[in-house]
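# sequence first, predicted model second:
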Amino acid sequence: MGKDKSFSSRSRAGIAVAAMALAAGGFVSGATAQEKVTIASWGGSYQDAQSKALFQPAEKATGIAVTEETYGGMSDVRLKVKAGAMTWDIVASGSGSAARAGAEGLLEPLDYEVIDVSNFYPTLKMKYCVGGDVFSTVFAWNTETYGENGPQSWADFWDVEKFPGKRAYRGKVAGALEPALMADGVPMDKVYEVLSTEEGIERALNKIRELKPHIAVWWSSGAQHAQLMKDGEVDMTTGWNGRFDVAINDGAKAAYSFNQALLDYDCFAIPKGAPNKDTAMKFLAEISKAEYQANLPKYITYGPTNKLAYEIGKIDKAVAEKLPSHPDNAKLQLPVDIEWYGKFEQKASAMYQDLVTE
Amino acid sequence: MSDLALPTSSSSLAHSNQQELKRDARQERFVLFSLCSPALLLVLIIMVLPVGWLFWLSFLGEDGNFTLENYQRMVESKSYARIFRNTFEVSLLTTAICILIGYPLAYFLSQLPRRTANLCMITVLLPFWTSLLVRTYAWLVLLQRRGLVNEWGMDIGLWDEPIKLVHNLTGTLIGMVHIMLPFLILPVYGSMRAIDRDYLKAAANLGASPTQAFWRVFFPLSLPGLFAGSLIVFVLCLGFFVTPAVLGGGKVIMVSMRIATNIELFFNWGAASALGVVLLVLTLAILGVASRVLRFDQILGRGH
């Protein structure tokens, strides 16, 4: 969900992609019979990884010409659908926003006769979108402040006596309430049950209220929380694991844990009115195969959605153990409940904004 | 011409002449008016219609029917009122600080010889040529906990613990003032340059001290520029997005940021457009009241 929305990298990638699109457009216009798809994604290092691991190899294997674009999320899709001028065949999206866009009627239902998902983790696909990669919302800490014995649970994240220091927390409700409840002692498998009442949401908010004096920054993008850790602006933060890995490789003194993390996924969907819908379906079937999925971790530490990808031996053991969807890591985590977000996100978001602006 | 020479029916002639003149004037006005019609049409198409559409959208619910829910939400949820207050507070503070820094600077520049003043003006304008994002992130690097300012401050021994300069209101104001300052300095400098120095000499001649001459002659004459500049800064601040988003640390939330959130969160555009409508109406109301109190038109109308 917008993990790579850093302005500069995105616009730079946008220009590159646009240039590539122009070049590709000139190329394929001659061959009229050739099948083609246009894919819109988030840009930045994230789309780079997708392009190298999925799009380019699949283009070579299928002969389907791929044009890549960048976009700003489902609100862009809504605009194009309502204007009746859809130009994208496939969009990459966060699972939650895809679910809501699907419910709103902005997406085509996917044909799972064409797309083989028999080896997928069962929660990583739905009617309107098929999982593309798995990521986690984790807590990360500064290893200079706390050493290697950092916080081990959300309760530790909240414990400002044992772990004094500044925190950063997400400025939006997505992924913000679940940790608070776990810190408040709710077992992982009961989190969404408790959250399904207004009192439950209020309970989570009150727990965040407790921590609020220590929250120095409410972060709004993946680029931001990675930067906060790298610069030592805060001592502990929530955030997306892939971003922290990039920061750590870049010299950040940080570590993170998968314990009690939120397991979430990005997915691919076909917008309503896509000009090459059938080709898009075929293309999705191709990139959902294990051999492509196994490529992705080479470029970014987001895990494959196809379980088979772990078994065909293409992923380094050391790399595999760092991925959110690796079985050893996955079992520590709480899978994000898309249905809860469909039902409660707007309400919870209003309550959360009240809390943040208090 | 020959008509005018006839003395007999002078009154009726004068009457018809007056009518002719009136008709001519009307025609001329019409021609002049039609000359600016392309501009008017442009304003209609790119300003009036979209704003009207914005109003219209704000009354549509998720099902596309007429509803007040987008406005109701703003009344029910406490955060909206706080965000609006925040927006106006930040804009007012930024404008005030810009005036405090910008007016003396413009005065200083206006007293310099033209050549030197132009050189100094370039340094004021330089930030204009740098991307707003770059400038904003530069402030982040300077002001953060382990940033240059804090490290130098602690090295020199000015303070022991890092002080909080960013991810709060302070950081937001520093960034916004930096970006807005040229918008204030340019019109103020312009109006100061236009003031005839002989007025000040005359004031001195009549026995005014330099301070008196400044406050009673120079300052009032520079007001049109000051008002124009402040107005530009204030209105631009109201819609600011990037700087508060980066330097405010999620604690300074402005209306524009909430509009972006609502576009993502709600299915209909109405939730976001209602915010735009309220901001527009509040801004117009505040400007209306301000112009009554401060008598903009008189001050601005004085001219040179």
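All right, it came through fine.
# going by C-alpha atoms from here, please, whenever you check contacts or count neighbours.
OK.
# so where is the chain shaky, pLDDT-wise?
All of this refers to chain A. For chain A, applying pLDDT under 70 flags the ranges A:1-33.
# meant chain B actually
Checking chain B against pLDDT under 70 turns up B:1-11, B:295-304.
# close to chain A: what parts of chain B are there?
Counting by C-alpha under 8 Å from any C-alpha of the partner chain, the positions of chain B adjacent to chain A are B:77-79, B:82-83, B:144-146, B:167, B:249-251, B:253, B:263-267.
# closest point of the stretch 51-200 of chain B to chain A, which residue?
Evaluated by C-alpha to the nearest C-alpha, the stretch 51-200 of chain B has residue B:79 as its residue closest to chain A, separated by 4.5 Å.
# that residue reaches residue A:353, doesn't it?
Yes: using C-alpha atoms under 8 Å, residue B:79 is in contact with residue A:353, at 5.9 Å.
# near chain B, which residues of the stretch 1-150 of chain A?
Checking the stretch 1-150 of chain A against chain B by C-alpha under 8 Å from any C-alpha, the hits are A:73-75, A:104.
# show me what contacts residue A:330?
A:263, A:324 (C-alpha atoms under 8 Å, 6 or more residues apart in numbering or on different chains).
# ok, now how distant is it from residue A:320?
Distance of residue A:330 to residue A:320, given as C-alpha to C-alpha, to the nearest Å: 12 Å.
# what of residue B:208?
83 Å.
# show me which of the two is the more surrounded one.
residue A:320 (24 against 16; other C-alpha atoms under 10 Å in any protein chain shown).
# for that one, which residues are in contact?
Neighbours of residue A:320 in contact, by C-alpha under 8 Å, 6+ apart: A:297, A:303, A:310, A:326.
# which ones among the residues you listed lie within helices?
residue A:310 (DSSP state H).
# which SSE is immediately downstream of the one helix or strand residue B:14 maps to?
Using DSSP states H and E, residue B:14 sits in helix B:10-35. Moving toward the C-terminus from helix B:10-35, the next helix or strand (DSSP H and E) is helix B:37-43.
# who are the packing partners of that next one?
Helix B:37-43 is packed against no helix or strand, with contacts defined by 3 or more C-alpha pairs under 8 Å, 6 or more residues apart in numbering or on different chains; DSSP states H and E.
# now it, how far from the chain's geometric center?
Distance, stretch centre to chain centre, for helix B:37-43: 23 Å (C-alpha atoms, centre = their mean, to the nearest Å).
# now stretch A:192-207
24 Å.
# ditto for stretch B:184-194
In terms of C-alpha atoms, centre = their mean, the centre of stretch B:184-194 is found 15 Å from the chain centre.
# residues in contact with that stretch: which ones?
B:98-99, B:102-103, B:105-107, B:109-110, B:221-226, B:228-230, B:232-233, B:304.
# what comes up buried for it?
B:184-189, B:191-193 (16 or more other C-alpha atoms under 10 Å in any protein chain shown).
# need the nearest residue in space to residue A:310, chain neighbours excluded.
In space, and not counting its chain neighbours, residue A:310 is closest to residue A:294: 7.0 Å by C-alpha to C-alpha, 6 or more residues apart in numbering or on different chains.
# quick one on the thing from earlier: among the buried residues of stretch B:184-194, which ones are in helices?
B:184-189, B:191-193.
# most surrounded residue in the contacts of residue A:320?
Greatest neighbour count in these, by other C-alpha under 10 Å, goes to residue A:303: 29 neighbours.
# count of residues packed around residue A:247?
22.
# what's the helix or strand for it?
For residue A:247, the host element (DSSP H and E) is helix A:241-249.
# which is the next helix or strand following that helix?
strand A:254-271.
# so which residues of the stretch 151-300 of chain A form strands?
Using DSSP state E, counting those that start in this stretch, the strands assigned to the stretch 151-300 of chain A run over residues A:167-170, A:215-219, A:236-240, A:254-271.
# out of those strands, which comes closest to chain B?
When those are compared (using C-alpha to the nearest C-alpha), the closest one is strand A:215-219, at 4.5 Å.
# could you confirm whether the closest one reaches chain B?
Yes: Strand A:215-219 comes into contact with chain B (C-alpha under 8 Å from any C-alpha), by way of A:216-219.
# packing partners for that strand?
With contacts taken as 3+ C-alpha pairs under 8 Å, 6+ apart, strand A:215-219 sits against strand A:167-170.
# contacts only, for residue A:97.
residue A:74.
# go again with 10 Å.
A:1, A:73-75, A:103, A:266-267, A:338, A:341-342, B:264-265 (C-alpha atoms under 10 Å, 6 or more residues apart in numbering or on different chains).
# same list (the buried residues of stretch B:184-194) but as a markdown table, adding distance to residue A:259.
Formatted as a markdown table, the buried residues of stretch B:184-194 follow (distance: C-alpha to C-alpha, whole Å):
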| residue | distance to residue A:259 |
| --- | --- |
| B:184 | 53 |
| B:185 | 55 |
| B:186 | 56 |
| B:187 | 58 |
| B:188 | 59 |
| B:189 | 60 |
| B:191 | 64 |
| B:192 | 65 |
| B:193 | 67 |
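# for residue B:272, state which of those is nearest.
The closest of the buried residues of stretch B:184-194 to residue B:272 turns out to be residue B:184 (C-alpha to C-alpha; 30.2 Å).
# and the gap between the closest one and residue B:139?
Taking C-alpha to C-alpha, one finds residue B:184 at 20 Å from residue B:139.
# check residue A:96 too.
On the measure of C-alpha to C-alpha, residue A:96 and residue B:139 end up 34 Å apart.
# what of residue A:269?
From residue A:269 to residue B:139 the distance is 39 Å (C-alpha to C-alpha).
# off-centre distance for stretch B:136-154?
29 Å.
# C-alpha coordinates for that stretch, CSV please?
The C-alpha coordinates for stretch B:136-154 follow below in CSV (Å, rounded to 0.1, in the frame of the first residue of the first chain):
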residue,chain,number,x,y,z
THR,B,136,11.4,21.3,2.6
TYR,B,137,13.6,18.2,2.9
ALA,B,138,16.6,20.4,3.4
TRP,B,139,14.9,21.8,6.5
LEU,B,140,14.2,18.3,7.7
VAL,B,141,17.9,17.5,7.5
LEU,B,142,18.9,20.7,9.3
LEU,B,143,16.3,20.6,12.0
GLN,B,144,15.9,17.0,13.1
ARG,B,145,17.1,15.4,16.3
ARG,B,146,20.5,14.6,15.0
GLY,B,147,20.4,17.3,12.4
LEU,B,148,23.0,20.0,11.8
VAL,B,149,21.4,22.7,14.0
ASN,B,150,21.0,20.4,17.0
GLU,B,151,24.5,19.0,16.7
TRP,B,152,26.1,22.5,16.3
GLY,B,153,24.0,23.9,19.1
MET,B,154,25.2,21.1,21.4
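# quick check: which element contains residue A:135?
In this assignment (DSSP H and E), residue A:135 forms part of strand A:129-142.
# quick one, that strand and strand A:254-271 angle?
Orientation check (axes from the mean of the first three to the mean of the last three C-alpha atoms, to 10 degrees): strand A:129-142 against strand A:254-271 gives 160 degrees.
# return the set of buried residues in strand A:129-142.
Buried residues in strand A:129-142 (16+ other C-alpha under 10 Å): A:129-142.
# pull the most distant pair out of those.
So, the buried residues of strand A:129-142 by C-alpha to C-alpha: farthest apart are A:129 and A:142, at 36.0 Å.
# just want the residue of the stretch 251-358 of chain A that's nearest chain B.
Residue nearest to chain B within the stretch 251-358 of chain A: residue A:354 (4.5 Å; C-alpha to the nearest C-alpha).
# my read: that residue touches residue B:74, true?
No: counting by C-alpha atoms under 10 Å, residue A:354 sits too far from residue B:74 to count as a contact (11.4 Å).
# shared neighbours of the two, which are they?
Joint contacts of residue A:354 and residue B:74 (C-alpha under 10 Å, 6+ apart) are B:80-81.
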